[in-house]
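J.: Have a look; sequence and predicted model below, questions after that.
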Amino acid sequence: MHLLAREEAGLRCLLQVASHPGPEPLTGPEIARREGLGPEYVARIMRALRAGGLVISTRGAAGGYRLARPAGRISVHVPAISPCRRAGFYPGQSIPPCP
C-alpha cells in the first residue's frame, strides 16, 4: 500500500497519542516536537483525525489529544488513513523526515 505523506504523518501522530502513557492528553506542540513536524501541520492532521473519530481533543491549559477508543479497536487500514486523505492532502506534498 502506498501512503501519501499526509497519511504517513497522520499515522505517526496517531501512534504518538496511542503510546502516550498516563491519563493526561498529549498536546499538539508535543506531538510536533516528537515527530519533527511543524505545529500548524500537526494541528491540521489532528483535526482530520478528530473528524475521523480517531482522537478526541480537550481545550485549555491541560488540553490535548487522546484516543477516541482503545488502541486495539483502531484499524490501520482504512479508518486511520481515510481522514487524512479526505482532508485534502495529495501525493507530492513533502514533510520533514522522521528524526
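T.: Alright, I've got the coordinates. Numbers count the residues shown, from 1 in each chain.
J.: residues in contact with the residue nearest to the spatial centre of the chain?
T.: Among the residues of the chain, Cys13 comes closest to the average C-alpha position under C-alpha atoms, centre = their mean, at 3.4 Å. Cys13 is in contact with 31, 35, 37, 42, 45-46, 49, counting by C-beta atoms under 8 Å, 6 or more residues apart in numbering. C-beta coordinates here come from the backbone N, C-alpha and C atoms, glycine included.
J.: Swap in 6 Å and give it another go.
T.: 31, 45 (C-beta atoms under 6 Å, 6 or more residues apart in numbering).
J.: How about the one helix or strand it maps to, which residues are buried there?
T.: Assigning secondary structure by DSSP states H and E places Cys13 in helix 5-19. The neighbour-count criterion (16 or more other C-beta atoms under 10 Å) identifies 6-7, 9-18 as the buried residues of helix 5-19.
J.: same question, stretch 68-75
T.: Neighbour-count burial for stretch 68-75 [16+ other C-beta under 10 Å]: 68, 74.
J.: Send over it as CSV, restricted to the C-alpha atoms.
T.: Extracted in CSV, the C-alpha atoms of stretch 68-75 (Å, rounded to 0.1, in the frame of the first residue of the first chain):
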residue,chain,number,x,y,z
ALA,A,68,-11.3,8.1,21.0
ARG,A,69,-11.4,4.4,21.6
PRO,A,70,-9.0,1.7,22.8
ALA,A,71,-5.9,1.3,20.5
GLY,A,72,-6.8,-2.3,19.9
ARG,A,73,-10.0,-1.2,18.2
ILE,A,74,-8.3,1.1,15.7
SER,A,75,-7.5,-0.4,12.3
